[in-house]
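Visitor: here is my input, please return the structure:
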Amino acid sequence: MEGIGQEDLNEDMSSQFSVTADSELSVEQPSRRSASFASKPFFWVALLLLTGALIWGVYYFLGVSRSELAKQETVGPSVQRIIDRGILIIGTEATFPPMEYKDEGGKLIGYDIDLGNRIAQELGVVAEFRDIAWDDLFSALVDGPVDVVLAGYSITEERQKMYSFSEPYLNAGQVIITQKTNTDISSTNDLNGMKIGTQKDTTNETEALKYTSEDLVISYDSPDEATKALVLGKVDAVFADLTNAKSMITDNPGLKIASDPFTSDYYGVVIRKEESDLKTKIDSILNTLRQRGILILLKKKWLE
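Guide: Model prediction:
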């Protein structure tokens, strides 16, 4: 070969072979396994696919585990009972328009009814309302026929000793209602010596005792009776939550709201004391409804 000497050829050949004193002549070449890999590139593709599948499986397992853990943290036994049943049973008293009452066809309607349906929807169940007398609502909750009570109940320290309440869903401060012809009463400063009609065993009655003498606080079994007494002139004023006041003056054009709200009266969903998981879930749902603007829409629909 032109340009290549014998010495160069010998050196080139020696680079391909190695000789030792104690071994036979051996040729350095790829091992059988390496040769097999090199001749089968699809093996690498399969290996990559298998590795990817394993990685995906690990992430999927961890994701499911986290999801199940989250469910365990947010869905306790009380919530799970309702979900398994598929029904949220809500106790209410349908004599408190515009919060809860019956239309001409006997159908339950009102702010609380719409809210109850929204809460049930967020739980993935349907709402079933039980129309129960006011005095029996709390016992129905304690004894278990209903899951929660949604009936325009004010959150008070006394009630919180016996029951749990959700976070407030509405501020319905009390106002004074008088006859339209009354020009003497425009605030609580004008109530001394006046007869005030209220529904018994309510925060309206508690407030009335602050502004006039006890013998001048006339308590009735229902807000309708108190309103009728005002229309007939048997009392000078009645107290009512803002929610109820709007309905009262709509039904009785001779009456007016004589004052701005003079209390902060927050309504909450009533829950059994031991069912903390249900309270946590309902609080979360109310926060979601608030963020979505649903509570504002309900207020505009029923109270404005």
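Visitor: from now on I want contacts and neighbour counts done on CA atoms only, so please keep to that.
Guide: Will do.
Visitor: how far does stretch 250-263 sit from its chain's centre?
Guide: Chain-centre distance of stretch 250-263: 32 Å, with C-alpha atoms, centre = their mean, to the nearest Å.
Visitor: let the chain start at 875 from now.
Guide: That works, and once the first residue is 875, the last one we named lands at stretch 1124-1137.
Visitor: list the buried residues of that stretch.
Guide: Across stretch 1124-1137, burial judged by 16 or more other C-alpha atoms under 10 Å covers 1129-1132, 1135.
Visitor: cool, and stretch 1067-1082?
Guide: For stretch 1067-1082, by 16+ other C-alpha under 10 Å, it's 1068-1074, 1077-1079, 1081-1082.
Visitor: got JSON lines for those residues, with secondary structure, distance to Phe1003 and pLDDT too?
Guide: Shown next, in JSON lines, are the buried residues of stretch 1067-1082 (DSSP: H, G, I helix; E, B strand; the rest coil; distance: C-alpha to C-alpha, whole Å; pLDDT from 0 to 100):
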{"residue": "Met1068", "secondary structure": "coil", "distance to Phe1003": "39", "pLDDT": "97"}
{"residue": "Lys1069", "secondary structure": "coil", "distance to Phe1003": "36", "pLDDT": "97"}
{"residue": "Ile1070", "secondary structure": "strand", "distance to Phe1003": "33", "pLDDT": "97"}
{"residue": "Gly1071", "secondary structure": "strand", "distance to Phe1003": "30", "pLDDT": "94"}
{"residue": "Thr1072", "secondary structure": "strand", "distance to Phe1003": "27", "pLDDT": "91"}
{"residue": "Gln1073", "secondary structure": "strand", "distance to Phe1003": "23", "pLDDT": "88"}
{"residue": "Lys1074", "secondary structure": "coil", "distance to Phe1003": "24", "pLDDT": "88"}
{"residue": "Thr1077", "secondary structure": "helix", "distance to Phe1003": "24", "pLDDT": "84"}
{"residue": "Asn1078", "secondary structure": "helix", "distance to Phe1003": "26", "pLDDT": "87"}
{"residue": "Glu1079", "secondary structure": "helix", "distance to Phe1003": "28", "pLDDT": "92"}
{"residue": "Glu1081", "secondary structure": "helix", "distance to Phe1003": "30", "pLDDT": "93"}
{"residue": "Ala1082", "secondary structure": "helix", "distance to Phe1003": "32", "pLDDT": "95"}
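Visitor: closest to Glu1032 out of those?
Guide: Thr1077 (11.2 Å; C-alpha to C-alpha).
Visitor: for the closest one, give me its contacts.
Guide: Ser1028 (C-alpha atoms under 8 Å, 6 or more residues apart in numbering).
Visitor: just the helices from the chain, written as ranges.
Guide: Secondary structure of the chain (DSSP state H): helices at 880-888, 906-913, 916-948, 951-959, 985-997, 1011-1017, 1031-1034, 1077-1082, 1097-1105, 1116-1125, 1150-1166, 1168-1177.
Visitor: could you tell me the least trusted of these?
Guide: For those, mean pLDDT drops lowest on helix 906-913, to a mean of 44.
Visitor: Ala1007 and Thr969 touch, don't they?
Guide: No - look at Ala1007 against Thr969 with C-alpha atoms under 8 Å: they stay out of range, at 9.2 Å.
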